[in-house]
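Trainee: Here is my input; please provide its structure:
(3 chains)
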Amino acid sequence: MKMLMKGTEAIAEAAIRAGCRLYFGYPITPQSELTEYMAKRMPEVNGVFLQSESEVATVNMLYGAACTGKRVMTSTSSPGFSLMQEGISYMAGAELPAVFINVMRGGPGLGDIQPSQSDYFQATKGGGHGDYRMIVLAPHTLQEAANIMGEAFDLAFKYRMLVTILVDGMIGQMMEPVELPEWKNIEEFKEPDWALTGAKDRKPRKVTSFDLDPYELEKMNLRYQATYKKVTENEVRYEEFKIADADIIVVAYGTMARIVKTVVDSARKEGIKVGLFRPITLWPFPYERLSEIAGNVKHILTVEMSYGQMLEDVKLGVNGKTDVEFYGRSAGVVPTPMEVLEAIKKIAR
Amino acid sequence: MAKKGYVEIDSDRCKGCGLCINACPQHVLRFSDKFNDKGYHYAELYDPDDKCPGCAFCYYMCPDVCITVHRVTEERV
Amino acid sequence: MATVDKIVAQMPKSLSKIEFSYCPGCHHGIVHRLIAEVIDELGIAGRTLMVAPVGCSVFAYNFFDLDGTVAAHGRAPAVATGMKRALPDRIVFTYQGDGDLASIGTAEIVHAANRGENITTIFINNAVYGMTGGQMAPTTLLGQKTTTSPYGREPKANGYPIRMSEMLSTLDGAAYIERTMVTTPQNVIKTKAAIKKAFQAQIKGLGFSMVEVLSTCPTNWGMTPIEAMKWLEENMTKTFPLGVFVDRTKGMI
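Mentor: Below is the predicted model:
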């Protein structure tokens, strides 16, 4: 049954249905409603909600709760996501699973509260220190966001990795009909064999990202790298929209992809054969598939609410096979379909 | 004089800090002339007059948990 | 005449027997042992989780036979909060130095205490940053020379030593806070009693508990272990008086 829901609420409810019973967070626009929703909802499902004193504290509470092997999450926006980078690096090194929601807003610095996609680098290339990766998922509708929550937690535990759902203020704040996913039975989740729960009747376990012996730390890092390789080989996700006969392929994700879908149809009405390639996993990025389809088109246009972050991955994937153009606006300004259509027309000429 | 107590000191763990020697009310602990593998003069029991009562003050002060304290009592028959 | 030989003191079960990496005469080892003794006596090893800090005791999680982790610098109270909220019936403690707790971690400890988070913090105050080579800490005494206060700590430039036990005791969530030291066997026994009370406060769910243990850092103070204890007794206790600052455990444990 479909319900009219706000993005932040749909994501929160879907997370609970996916088995998350621990939420730590801090208010920040434009996602405070997610935090508030969790404050009300978690006690109803015998879960834990805690508003922490800062995003720094939030990510560390996440670290502690994740140590116990349970499904934990937080949500924040860009400035808060910055504060979490230290903790993210620590959690990545400790191979702790958790889900982060970043509802991106205009930056840098205090910026504004309107939507942007300017944390792409931070999420995919690592805002924290060290050689680590996070799985980054970018839904473009509320329904997709709700559906992806279960997958997010499953991936996190399958690979012992962090998963970030990268959305923007538009998705966070808009209202759409959503059919919520089925409830997962949390009794079926087994305690992982690395979880810290008290060493009764067993050897003590340690969770750490630390080893002063560089050869031991290297072993740990090679283990992470092997995991990342597996994820790259098995978990790439993308959507292709009307690309079969396209002369121009637009690459976009999230809200921007949604706008581009409208533009694709407008452009086709005017005789321009445009398609959309929509990465769903921003990490691992669909380089291979992009490379395959790049050979068949005259132009690739990357459209982002940034000044060219995913653009660099697009260029890597295309690898010179064809022309890569860019159109973007950031700082909280959302491009209109007309602007994007204009950018396409410019290339088509 | 019967022995009332004695201590065993793990000379490999000992870092020669001297806290036990300093705390011993009976002054039956001293630095050994010998070195351990770490290069420290470790603490050792020197109690020819059986003064050690097994008070465990040395144990309380030892930061490296080197010491095991024994108390010896006469068995009541 | 037959004799009975009884061991009255030995390595506690909850210590892992791995040799401590601390300097000779450092008080970390004494406090580690006391924590292990208390955990053994209370019979809680099987349900205890520990959070080590960044500092000399960064390896503390290896020295105890307990489930454990190490937190980012200053963040241990937040990590402990996450653990305790996830598993409320386990015993969770943090072990932190003065740089960790009173400098970078001030927000985390204040808010954990303020929430009355049911965790126990063992706070080792040796008035310097030990692990990084003896820099000034928030708890460094006025006039004390360190590598970043080479002319002696001066209030105009660097403020005053911060009294965390007093500060945290103003928070309603604090159930038990005491400051002790381990310079003599008598003080060691008192510290053990304080640590035991702190863990018992947690077991009874009374709120946040902390024991601040004034400790020596012979290496960075440039003294022998014995000289360092003398300096502590003569100087640190003037700025950091010993005693109980809040005790809401009366009649409850």
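Trainee: Now do the same for the closest residue to chain C within chain B: helix, strand or coil?
Mentor: With CB to the nearest CB, the shortest gap between chain B and chain C falls at B:P63, namely 3.0 Å. (Each C-beta comes from the backbone N, C-alpha and C, glycine too.) What DSSP: H, G, I helix; E, B strand; the rest coil gives for B:P63 is coil.
Trainee: Assumed B:K51 was part of a strand.
Mentor: No - under three-state DSSP, B:K51 sits outside any strand and is assigned coil.
Trainee: roughly how far apart are the residue lying closest to the residue of chain B closest to chain C once chain neighbours are set aside and chain A?
Mentor: Closest residue to B:P63 apart from its sequence neighbours, by CB to CB, 6 or more residues apart in numbering or on different chains: C:G29 at 3.0 Å. From C:G29 across to chain A, the span is 19 Å (CB to the nearest CB, to the nearest Å).
Trainee: tell me the mean pLDDT for the host helix or strand of C:G29?
Mentor: Assigned by DSSP states H and E, C:G29 belongs to helix C:28-42. Helix C:28-42 shows a mean pLDDT of 98.
Trainee: Can you point out the buried residues in it?
Mentor: For helix C:28-42, a neighbour-count test (16 or more other CB atoms under 10 Å in any protein chain shown) marks C:H28, C:G29, C:I30, C:V31, C:H32, C:R33, C:L34, C:I35, C:A36, C:E37, C:V38, C:I39 as buried.
Trainee: wait, the third one sits on B:V65?
Mentor: Think C:I30. No - the pair C:I30 and B:V65 fails to qualify as a contact (CB atoms under 8 Å) at a distance of 9.1 Å.
Trainee: okay, the one residue in chain B that gets nearest to chain A: pLDDT?
Mentor: Here chain B gets closest to chain A at one residue, B:V65, 17.6 Å apart by CB to the nearest CB. For B:V65, the pLDDT comes out at 98.
Trainee: for it, phi and psi?
Mentor: phi 50, psi 50 (degrees, to the nearest 10).
Trainee: cool, B:H70 as well?
Mentor: phi -110, psi 140.
Trainee: Also C:T121?
Mentor: Torsion angles, degrees, to the nearest 10, at C:T121: phi -120, psi 130.
Trainee: likewise A:L142?
Mentor: The phi/psi pair for A:L142 (degrees, to the nearest 10) reads phi -70, psi -40.
Trainee: re the thing from before, is it true that the residue of chain B closest to chain A touches C:S16?
Mentor: No - using CB under 8 Å, B:V65 is not in contact with C:S16, being 10.6 Å away.
Trainee: Settle it for me: which of the two has more neighbours?
Mentor: Taking neighbours as other CB atoms under 10 Å in any protein chain shown, B:V65 and C:S16 compare with B:V65 leading, 23 against 16.
Trainee: check contacts around the more buried one.
Mentor: The neighbours of B:V65, taking CB atoms under 8 Å, 6 or more residues apart in numbering or on different chains as the test, are B:R13, C:M11, C:P12, C:L15, C:F20, C:G29, C:H32, C:R33.
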